[in-house]
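Novice: kindly return the folded structure for what I paste below:
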Amino acid sequence: MLLPDDLQLDNPLWDYALSIYPKLETRLLELQSEGVRVNHLLTGLWMGAQGRLMNTEYQLSDRWFRDNTAPVRASRIALKLQLGRVPQLNSCYQQVKSAELALEQVELALLYWEQHQTTELDSQAMRKNLLTVLEPSHPQNAGAIVDQLIAFFHSLS
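Specialist: Below is the predicted model of the structure:
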């Protein structure tokens with residue numbers, strides 16, 4: 001997979017993710033364990049905060065996730081399950097965790113690249129963006145989860 005020549009690892013979406021993730025970490029990790037792509041949620045929040053609808057054509061970022069991030073995440077999870085029995089694996093676990101974060105930065109850079117052409121404004125952009133991400137994995141309660149995330153997001157301001 002060839003990455004775009006103009007890919008920016010340090011970009012406004014990455015900065016936004018670094019600032020908001022710690023505040024939402026517990027809920028985002030719960031959703032991730034339920035199959036939600038956290039980077040898509042972060043992108044939806046970021047775009048929505050600007051009143052912009054997100055581009056849902058994730059061809060490059062999805063491929064990056066599938067080929068790179070997901071396998072490393074699976075390795076990290078497998079290692080974490082072994083730490084109680086084999087504490088010497090902690091150094092390896094920490095290195096894999098760091099690699100996963102670096103791969104997520106590339107994924108967010110790809111999402112930023114895929115989004116930077118979107119200029120459509122919408123007063124309900126944040127809600128629509130988050131519903132787009134959550135409805136496939138949470139068809140019964142996506143609206144409630146979105147309301148919870150938006151309320152928490154607004155409480156941060």
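Novice: from now on I want contacts and neighbour counts done on CA atoms only, so please keep to that.
Specialist: Fine.
Novice: just want the most central residue of this structure.
Specialist: Residue closest to the average C-alpha location in the chain (C-alpha atoms, centre = their mean): Asn39, at 1.1 Å.
Novice: now that one. Nearest residue, chain neighbours left out?
Specialist: Once flanking residues are discounted, Asn39 sits nearest to Leu108: 6.5 Å by C-alpha to C-alpha, 6 or more residues apart in numbering.
Novice: what's the weakest-modelled helix or strand in this structure?
Specialist: Least confident helix or strand of the chain, by mean pLDDT, DSSP states H and E, is helix 142-156 with a mean of 86.
Novice: in that helix, what counts as buried?
Specialist: Neighbour-count burial for helix 142-156, counted by 16 or more other C-alpha atoms under 10 Å, picks out Ala142, Gly143, Ile145, Val146, Leu149, Ile150.
Novice: low-confidence bits of this protein, can you list those?
Specialist: Residue ranges of the chain with pLDDT under 70: 117-121, 157.
Novice: picking that back up, what's the closest of the buried residues of helix 142-156 to Ala49?
Specialist: Proximity of the buried residues of helix 142-156 to Ala49 was ranked by C-alpha to C-alpha; the top entry is Ile150 with 10.1 Å.
Novice: circling back to that earlier point, where does the residue nearest to the centre of the chain fall, phi/psi-wise?
Specialist: Note on Asn39: its backbone torsions stand at phi -60, psi -30 [degrees, to the nearest 10].
Novice: so what's it up against?
Specialist: Glu104, Glu107, Leu108 (C-alpha atoms under 8 Å, 6 or more residues apart in numbering).
Novice: and the residues you listed, which are buried?
Specialist: Using 16+ other C-alpha under 10 Å, the buried members of the contacts of Asn39 are Glu104, Glu107, Leu108.
Novice: that older thread, so which of the contacts of Asn39 belong to helices?
Specialist: Counting by DSSP state H, the contacts of Asn39 place Glu104, Glu107, Leu108 in helices.
Novice: got a list of what Tyr112 touches?
Specialist: Tyr112 sits next to Asn11, Leu13, Thr43 when contact means C-alpha under 8 Å, 6+ apart.
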